[in-house]
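In: Model the structure of this input:
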Amino acid sequence: MLTMLCHDFIMTRRPAASAILPAMLLAAVAGCVDAPKQRSAPSRWTSNTSFSGPDARACLSDLGRQQANFTPLQDQYFGAGCSALNAVRLAALRSDDSRLALTNLGPVTCPLAHAISGWARFGVDRAARQILGSPLARIETMGSYSCRKVAGTNRLSGHASANAVDIAGFVLADGRRITVLRDWDNPSPQVRAFLSSVRTSACKRFGTVLTPNYNAAHRDHFHLEVADARPLCR
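Out: Down below sits the predicted model:
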């Protein structure tokens, strides 16, 4: 609730204050969230214009209303075409009566954070409850931002703009741990149904979803990306 109130306060400032909004934004939320610090590559240049557009600010406000635990980050340009703009550090999510932890997650754009939040709550957690009989407790990731190209091409990966995250596994409240690498072909029909449901839900919320069915490089994770290109779900 405190996170939501902090963000709602920031988003209702008068337009005349837009020039100082980023500094106020970062200062206002500093004490409202508790996100772990993670190291990233040194940036060549850091801007002070984070969340300067109305769409970006609206996304931030929506994320606050979802009671996500996050910290807005300043825009960063890392060189070689890589950047993290309108990004947040997402520490935890809310789903009904439970708190959903996230591990190993670096900067993600606000639209990606918004998609992850909705997917975790309405896709993963509900599938865990309905199919496996236990709420979701944690989503394990293999990271988000990384300045790299798509394998075998000269095209920058969605990770290079903090628009993609790799999901490795899920931990349930009863202690069970389901991973993509170990359980994609699990003989248990319930486990396979859970992962299938999670994948189907992801395809409704992300522009690109790549699973072990795509190629061997994705044998141990789901690649989830917010993309403007034609949707791809494999």
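In: now for the helix ranked longest in the chain, which elements pack on it?
Out: In the chain, taking DSSP state H as the definition, the longest helix is helix 189-205. Packing partners of helix 189-205 (3 or more C-beta pairs under 8 Å, 6 or more residues apart in numbering; DSSP states H and E): helix 110-119, helix 126-127, strand 177-179, helix 180-183, strand 208-210, strand 222-225, strand 232-233. No exception for glycine: its C-beta is placed from N, CA and C like everyone else's.
In: Show me what counts as buried in the first one.
Out: Taking 16 or more other C-beta atoms under 10 Å as the neighbour-count basis, helix 110-119 is seen to contain the buried residues C110, P111, L112, A113, H114, A115, I116, S117, G118, W119.
In: Same question for stretch 122-134.
Out: G123, V124, D125, R126, A127, A128, R129, I131, L132.
In: Strands along this structure, start to end?
Out: Secondary structure of the chain (DSSP state E): strands at 45-46, 69-72, 76-79, 82-84, 87-95, 98-103, 107-109, 136-141, 164-172, 177-179, 208-210, 222-225, 232-233.
In: between the ones you listed, which gets nearest to K149?
Out: strand 82-84 (10.0 Å; C-beta to C-beta).
In: Next, the residues that contact the closest one from outside, please.
Out: Here strand 82-84 makes contact (C-beta atoms under 8 Å, 6 or more residues apart in numbering) with 40, 73, 75-78, 107, 109, 145, 147, 156, 160-162.
In: and if you look at stretch 113-131?
Out: 59, 62-63, 66, 68, 70, 88, 90, 93-96, 98, 100, 102, 108, 134-136, 139, 165, 170, 172, 190, 193-194, 197-198, 201-202, 204-206, 224, 226.
In: how many neighbours does the residue lying closest to L85 once chain neighbours are set aside have?
Out: Distances taken as C-beta to C-beta, 6 or more residues apart in numbering put D75 closest to L85, at 4.8 Å, once the chain neighbours are dropped. By other C-beta atoms under 10 Å, the residues close to D75 number 20.
In: Surely D75 and T109 touch.
Out: No. With contact defined as C-beta atoms under 8 Å, D75 does not count as touching T109 (10.6 Å).
In: anything in contact with each of the two?
Out: Common neighbours of D75 and T109 (C-beta under 8 Å, 6+ apart) are A84, L85, N86, A87.
In: isn't R99 right next to Q67, touching?
Out: No. Taking contacts as C-beta under 8 Å, R99 lies outside contact range of Q67: 9.3 Å.
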